[in-house]
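Chemist: I'd like to go over a predicted model; first the sequence, then the structure.
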Amino acid sequence: MENIKIRTFDQGDRDWLIRQHQEHYALEEGFDDSFGVLVTQIIDEFLHDHDPACERGWIAQKGNQRLGSIFCVKLTAQRAKLRLFLLVPEARGHGLGQRMLQTCMRFARDQGYEGMQLWTHESHRAAGALYARSGWELTDSRPAVSFGKANVEQTWEILL
């Protein structure tokens, strides 16, 4: 995929990003509406309270078409959290996910974070493989019922 830019997330991306998460995770994972509620809360909190000096969101875009998102938010003074990493199906398998992950990790490193963590589900195997290839380690895995179905929740971490 050529001519893709990764730009800063802004208020105009809010509804698209919420809708993409709701539709994608309902279709591919069977998540119920509670997932959309969580995503809306995360995005609205980011829009209202984030510190642009050490937190940022990005949108991958080709022309007028948005293709994905990734966010870096402060967890502690030394640790950042990766959130809202999503690629639309047609953008997968072309290296864009790696590029977005590198953008997010570079930003975290440049802001002085010593490490990062993220929370995901075991069913996101392609994402897990990307994290592992990029030096992330799976530090916790546990069964849970979330978003209306049985899942295996995972925590991944990396030192920067």
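Modeler: Okay, I see it.

Chemist: Flag the shaky bits of this protein, pLDDT-wise.
Modeler: For the chain, the stretches with pLDDT under 70 are 1.

Chemist: show me where it has strands.
Modeler: Assigned by DSSP state E, the strands in the chain fall at 4-8, 56-62, 65-74, 79-87, 115-121, 137-146, 149-159.

Chemist: Can you show me the CA trace of the shortest one as CSV?
Modeler: What follows is the C-alpha trace of strand 4-8 in CSV, where atoms were taken according to Å, rounded to 0.1, in the frame of the first residue of the first chain:
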residue,chain,number,x,y,z
ILE,A,4,-0.2,6.2,3.2
LYS,A,5,0.4,8.8,5.7
ILE,A,6,0.3,8.5,9.5
ARG,A,7,-1.1,11.6,10.9
THR,A,8,-2.2,12.8,14.3
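
Chemist: Show me what it packs onto, helices and strands only.
Modeler: Contact analysis of strand 4-8 by 3 or more Cβ pairs under 8 Å, 6 or more residues apart in numbering; DSSP states H and E lists strand 56-62, helix 96-110 as its packing neighbours. Bear in mind the C-beta positions are built from the backbone N, C-alpha and C, glycine included.

Chemist: I'd like to know how many residues surround the residue lying closest to Gly30 once chain neighbours are set aside.
Modeler: Once flanking residues are discounted, Gly30 sits nearest to Lys149: 5.3 Å by Cβ to Cβ, 6 or more residues apart in numbering. Residues lying near Lys149 (other Cβ atoms under 10 Å) number 14.

Chemist: Quickly list what Lys149 is bridged to.
Modeler: With DSSP bridges as the criterion, Lys149 is bridged to Ser146.

Chemist: Show the contacting residues for it.
Modeler: Neighbouring residues of Lys149 by Cβ atoms under 8 Å, 6 or more residues apart in numbering: Glu29, Gly30, Phe31, Asp32.

Chemist: Was I right to think the second one contacts Gly148?
Modeler: Yes: with contacts defined as Cβ atoms under 8 Å, Gly30 counts as touching Gly148 at a distance of 7.4 Å.

Chemist: Report the central residue of this structure.
Modeler: Phe85 (2.0 Å; Cα atoms, centre = their mean).

Chemist: Endpoints of stretch 112-127, how far apart?
Modeler: 25 Å (Cα to Cα, to the nearest Å).

Chemist: tell me which residues of it are tucked away?
Modeler: Tyr113, Met116, Gln117, Leu118, Thr120, His121, His124, Ala127 (16 or more other Cβ atoms under 10 Å).

Chemist: Against Leu67, how distant is Gly97?
Modeler: 10 Å (Cβ to Cβ, to the nearest Å).
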